[in-house]
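Student: show me how the following folds:
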Amino acid sequence: MSIVERGENSYRFTVYVGKDANGKYKRETMTYKVTEKFTPKKLKEHLDHEYLKFKQQVMSGEYITPEKMSFVEFSKDWEKKFAKIELSETTYQNRYLVLKNHILPVIGHVTIDKIKPILLVDLLENLTRKDGKDGELSVSAKEDVYKALMSVFKYAKQWGIISINPMDGVSKPKANKSTKKSTLNIYELDEIELLFKAVEKEAFHWRVFISLALAAGLRRGELLGLEWSKVDFENKRIDIDTTIVKADGALIKGPKSKASNRLVAIPESIIKELEYYKDYWIAEKNAMGSKWIEQERSWLFCNEDGTHFYPDTPSTWWRRFTERNKIRHIRLHDLRHTSASLLIAENVHAKVIAERLGHSKISVTMDTYGHLLRSADQDAAAKLNNLFLRK
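Tutor: Next up, the predicted model:
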């Protein structure tokens with residue numbers, strides 16, 4: 001067994017694989033970097049374990065030397081040894097799709113240690129949509145490609161596959177100066193009135209779903225993750241600690257950030273609606289009898305058998321509902337923005353809005369609703385002006 005320390009936390013593994021035609025011993029080497037802290041005894045055990053894994057790859061012919069490894073070959077290692085283990089399901093799915101659609105078709109065939117910053121700059125500058133729709137790829141989508149590249153090359157260097165990280169010379173994508181920032185697509189008060197009139201004709205659960213979307217500004221996944229145990233009728237609030245999102249199927253998980261795990265106060269009228277809905281929900285459950293198969297969770301919004309809705313279900317219903325009632329269609333997520341706009345119109349402080357929406361930073365709220373907040377500030381100044389004119 002040949003393990004030689006090369007520097008701080010860096011070791012060289014050497015495996016001899018017999019003699020060549022000239023009688024010289026052939027060998028394969030790999031630089032391995034230790035990223036965790038170990039006691040001397042644990043370090044030796046760790047290095048021995050990693051060396052044996054390397055030796056098995058070499059002896060079975062599975063090991064590919066860095067100078068021969070293509071980007072796509074290394075990305076498989078990155079996926080297996082890092083992405084599937086460390087990333088959340090939703091983040092993993094995002095990185096996987098970004099690699100598949102935008103990165104591998106361009107640089108997948110290139111030997112990884114031959115990839116230079118200019119090649120990656122060109123890749124990012126020439127990104128296009130892959131969904132068949134017109135228009136440019138959004139800045140956020142370009143940033144997702146950038147993040148995937150950053151992660152892959154970070155571990156390529158950390159694992160000794162490359163000595164220089166080409167992403168060190170690549171800047172994060174930014175919006176073109178000529179690109180106008182998209183405005184929020186929200187409902188005005190008269191449209192909200194039409195919405196409430198139309199939804200009265202819908203199933204009870206959809207009426208409650210829309211009421212909570214507007215009153216609490218919840219994300220789709222947060223609404224789907226609501227259980228009756230999380231509704232505090234006495235204190236008129238709901239506990240947001242679960243979300244159901246699209247992954248490989250549907251995934252039940254915690255909120256997207258620490259700030260997203262929150263308590264949201266609910267108006268008295270919505271609490272009353274929830275009380276009526278709970279009585280209806282219990283009656284429906286009892287009527288189903290043995291056909292009610294969900295025994296562990298009490299989802300507010302569920303199928304006839306008590307199982308939670310699939311994440312796409314509300315969006316599909318919403319599109320058909322707006323078309324059927326000739327209501328101007330906005331994304332279901334835009335009801336969350338509409339909720340924020342209603343709070344701003346009532347001069348609610350941006351910090352309170354950020355907390356209700358579960359934003360990780362108030363800067364997210366300011367960036368998203370800045371123009372609405374400025375407009376509210378101008379209205380406040382006008383009211384002050386009227387006050388001073390009375391003097």
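Student: distance-wise, check the residue nearest to N9 when sequence neighbours are not counted relative to K44.
Tutor: Spatial nearest neighbour of N9, chain neighbours left out: V34 (4.5 Å); criterion: Cβ to Cβ, 6 or more residues apart in numbering. Backbone N, C-alpha and C define where each C-beta goes, glycine included. Noted for V34: a distance of 11 Å to K44, by Cβ to Cβ, to the nearest Å.
Student: also E136?
Tutor: According to Cβ to Cβ, E136 and K44 sit 54 Å apart.
Student: from what I can see the residue nearest to N9 touches L43, true?
Tutor: Yes: taking Cβ atoms under 8 Å as the definition, V34 is a contact partner of L43 at 7.0 Å.
Student: domain ranges for the protein?
Tutor: Domain segmentation of the chain under automatic domain parsing yields 2-60, 71-169, 189-328.
Student: tell me which of the ones you listed sits nearest to G358.
Tutor: Of all the domains of the chain, it is domain 189-328 that lies closest to G358, at 3.8 Å by Cβ to Cβ.
Student: just read off the phi/psi values of T111.
Tutor: Dihedral angles of T111 (phi, psi; degrees, to the nearest 10) stand at phi -60, psi 130.
Student: show me the contacts for it.
Tutor: Counting by Cβ atoms under 8 Å, 6 or more residues apart in numbering, T111 makes contact with 67-71.
Student: mind listing the strands for the stretch 151-300 of the chain?
Tutor: Taking DSSP state E, counting those that start in this stretch, the strands of the stretch 151-300 of the chain run over residues 231-232, 237-240, 243-247, 249-253, 262-265.
Student: name the residues that touch the last one?
Tutor: By Cβ under 8 Å, 6+ apart, the residues outside strand 262-265 that reach it are 216-218, 236-240, 255, 355-356, 358.
Student: can you name the two of those that sit furthest apart?
Tutor: Maximum distance among those (Cβ to Cβ): 20.8 Å, for K236 and P255.
Student: re the thing from before, now for the contacts of T111, which pair is the farthest apart?
Tutor: E67 and F71 (13.3 Å).
Student: who has more neighbours out of these two?
Tutor: F71 (24 against 10; other Cβ atoms under 10 Å).
Student: can you pull the pLDDT of the more buried one?
Tutor: pLDDT, F71: 95.
Student: and what of the one 5 residues further on?
Tutor: Reading off the per-residue confidence, K76 sits at a pLDDT of 92.
Student: what does the one 10 residues further on give?
Tutor: The model reports E86 with a pLDDT of 82.
Student: check K180 too.
Tutor: With respect to pLDDT, K180 has a value of 55.
Student: and if you look at A376?
Tutor: 64.
Student: which stretches in the stretch 151-300 of the chain count as helices?
Tutor: All helices of the stretch 151-300 of the chain, identified by DSSP state H, counting those that start in this stretch, fall at 189-199, 204-216, 220-224, 268-288.
Student: SS state for N347?
Tutor: At N347 the chain is in coil, as set by DSSP: H, G, I helix; E, B strand; the rest coil.
Student: counting neighbours, what do you get for it?
Tutor: Count around N347 with other Cβ under 10 Å applied: 12.
Student: and if you look at S88?
Tutor: There are 14 residues near S88, going by other Cβ under 10 Å.
Student: contact partners for it?
Tutor: K253.
Student: got the contact list for the closest residue to H359 other than its chain neighbours?
Tutor: Among residues not flanking H359 along the chain, T365 sits closest, at 5.1 Å (Cβ to Cβ, 6+ apart). Shown in contact with T365 (Cβ under 8 Å, 6+ apart): 340, 350, 353-354, 357, 359.
Student: can you list the low-confidence ranges for the stretch 1-150 of the chain?
Tutor: Applying pLDDT under 70 to the stretch 1-150 of the chain picks out residues 1, 20, 61-67, 89.
Student: one more time with 80, if that's ok
Tutor: The model of the stretch 1-150 of the chain has pLDDT under 80 over residues 1, 17-33, 35, 54, 57-68, 88-90, 133-134.
Student: just to revisit the earlier point, K236 and P255: who's more crowded?
Tutor: P255 (18 against 14).
Student: and the nearest residue to that one once chain neighbours are set aside, how many neighbours?
Tutor: Nearest in space to P255, with sequence neighbours left out and distances taken as Cβ to Cβ, 6+ apart, is N261 at 4.8 Å. Residues near N261, counting by other Cβ under 10 Å, number 15.
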